[in-house]
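Enquirer: sequence? don't have it. structure:
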Ligand SMILES: C[S@@+](CC[C@H](N)C(=O)[O-])C[C@H]1O[C@@H](n2cnc3c(N)ncnc32)[C@H](O)[C@@H]1O
């Protein structure tokens with residue numbers, strides 16, 4: 001698969017401006033983002049790119065601040081090189097060390113996650129991933145049946161498995177993410193993560209103790225009813241990939257319609273990861 005790389009420059013470079021753009025791009029199919037000096041790069045499969053949609057999506061931000069972008073075609077063969085030169089290991093508190101296969105282990109961390117990120121989102125660098133990992137650390141996974149919706153690299157499923165979860169179903173509609181989850185499951189020596197490629201139509205007719213869904217506001221709203229259907233009585237569900245203002249209230253209202261009760265949320269740079277139960 002070929003990708004377009006859009007190099008966005010925001011002037012002056014403010015993080016909140018970049019987050020607004022990243023969120024807007026995520027909603028129209030951009031699936032990987034990388035910070036660079038004075039801006040960020042956003043990637044989308046060439047087949048998913050629609051200039052008209054992009055212009056429409058960015059129109060409101062043109063009036064809010066100044067930015068520009070340049071488009072480059074990235075043939076797939078360059079992809080691994082792009083990641084290897086950019087991916088730094090990261091830590092979540094003093095508990096989790098996330099590294100690529102080409103980094104040295106750090107045995108002083110109780111949990112290590114090995115990721116070969118390729119084109120898939122979910123290296124722990126994004127605030128939504130790190131907050132989801134923080135929620136996971138606070139949750140009892142022992143023997144639990146878990147659904148990880150929008151699994152990206154499989155990072156959340158892998159962490160759940162390391163905390164003793166039973167069977168984990170990890171779903172992503174992007175075949176690159178599916179392959180990445182299968183591969184990363186092996187790198188981490190796990191055999192209880194079942195990866196599926198697709199969207200809500202492939203969610204199995206089973207009951208899950210815990211649902212993890214770090215996607216984006218619109219997909220969460222669209223899929224909420226199905227998540228509620230497959231969540232066991234007394235189950236827990238964690239959502240991320242949206243903003244505190246105005247998205248959290250919209251997510252809470254939709255969750256409430258399907259019997260999901262809001263418990264609490266974390267925020268980081270206005271991104272949210274929220275816990276609900278049924
Ligand atoms: C924000 S990333 C999260 C990745 C990872 N779970 C994490 O926490 O870092 C969202 C993921 O959802 C996937 N996704 C977006 N829309 C989807 C849909 N309708 N069905 C399934 N997966 C979807 C994207 O391909 C992407 O990998």
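Expert: Received it, and whenever you're ready, just let me know what you need. As the structure is a computational prediction, the values presented were derived from the model and not from experiment. Numbers count the residues shown, from 1 in each chain.
Enquirer: For residue 33, give the beta-bridge partners.
Expert: Applying DSSP bridges to residue 33 gives these bridge partners: residue 42.
Enquirer: contacting residues for it?
Expert: The contact partners of residue 33, by C-beta atoms under 8 Å, 6 or more residues apart in numbering, come to 22, 25, 40-43, 121, 126. Heads up, the C-betas are built off the backbone N, CA and C, glycines and all.
Enquirer: let's see it at 7 Å
Expert: 22, 40-42 (C-beta atoms under 7 Å, 6 or more residues apart in numbering).
Enquirer: Quick check: residues of the stretch 101-250 of the chain near the ligand?
Expert: 120-122, 128-129, 132, 150-152, 155-156, 171-174, 177, 199, 214-215, 219, 241 (C-beta under 6 Å from any ligand atom).
Enquirer: do that again at 8 Å, thanks
Expert: Residues of the stretch 101-250 of the chain lying near the ligand by C-beta under 8 Å from any ligand atom: 120-124, 126, 128-129, 132-133, 148-157, 171-174, 177, 198-200, 212, 214-216, 219, 222-223, 240-241.
Enquirer: Show me the residues you listed that map onto strands.
Expert: Among these, DSSP state E puts 148-149, 171-172, 212, 214, 240-241 in strands.
Enquirer: mind checking the end-to-end distance for stretch 6-22?
Expert: The straight-line separation of the ends of stretch 6-22 (C-alpha to C-alpha, to the nearest Å) is 11 Å.
Enquirer: Give me the domain ranges for this protein.
Expert: Using automatic domain parsing, the domain parsing of the chain gives 3-80, 122-277.
Enquirer: how about these in CSV, adding distance to residue 90 and mean pLDDT?
Expert: Below are the domains of the chain laid out as CSV (distance: least, C-beta to C-beta, whole Å; pLDDT from 0 to 100):
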stretch, distance to residue 90, mean pLDDT
domain 3-80, 13, 85
domain 122-277, 5, 95
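Enquirer: deepest of the ones you listed, which one?
Expert: Most buried of the domains of the chain, by mean neighbour count (mean count of other C-beta atoms under 10 Å): domain 122-277, with a mean of 20.
Enquirer: can you give me how far it is from the chain middle?
Expert: Centroid separation for domain 122-277 versus its chain: 9 Å, with C-alpha atoms, centre = their mean, to the nearest Å.
Enquirer: Wasn't residue 263 part of a helix?
Expert: No. Per DSSP: H, G, I helix; E, B strand; the rest coil, residue 263 lies outside any helix segment and is strand.
Enquirer: quick check, nearest of the contacts of residue 33 to the ligand?
Expert: Nearest to the ligand among those: residue 22, at 9.9 Å, using C-beta to the nearest ligand atom.
Enquirer: tell me the SS of the closest one?
Expert: Relying on three-state DSSP, one would call residue 22 helix.
Enquirer: Which of the ones in strands among the residues of the stretch 101-250 of the chain next to the ligand sits closest to residue 47?
Expert: Residue 47 lies nearest to residue 172 out of those, by C-beta to C-beta, at 16.3 Å.
Enquirer: now, the most widely separated pair of the contacts of residue 33?
Expert: Farthest apart among these by C-beta to C-beta are 22 and 41. That separation is 10.5 Å.
Enquirer: Strands along the stretch 51-200 of the chain, start to end?
Expert: With strands called from DSSP state E, counting those that start in this stretch, the stretch 51-200 of the chain shows them at 66-74, 90-92, 96-100, 111-115, 146-149, 168-172, 193-197.
Enquirer: Turn the ones you listed into a markdown table, columns for distance to residue 228.
Expert: Putting the strands of the stretch 51-200 of the chain into a markdown table (distance: least, C-beta to C-beta, whole Å) gives the following:
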| stretch | distance to residue 228 |
| --- | --- |
| strand 66-74 | 38 |
| strand 90-92 | 28 |
| strand 96-100 | 29 |
| strand 111-115 | 29 |
| strand 146-149 | 12 |
| strand 168-172 | 16 |
| strand 193-197 | 19 |
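Enquirer: do you know which of the ones you listed lies nearest residue 254?
Expert: Checking those against residue 254 by C-beta to C-beta gives strand 146-149 as the closest, at 15.0 Å.
Enquirer: Compare the strands of the stretch 51-200 of the chain and give me the one nearest residue 245.
Expert: Closest approach to residue 245 among the strands of the stretch 51-200 of the chain is made by strand 66-74 (20.9 Å; C-beta to C-beta).
Enquirer: which other residues reach the closest one?
Expert: Everything outside strand 66-74 that qualifies as a contact, by C-beta under 7 Å, 6+ apart, is 2-11, 21, 61.
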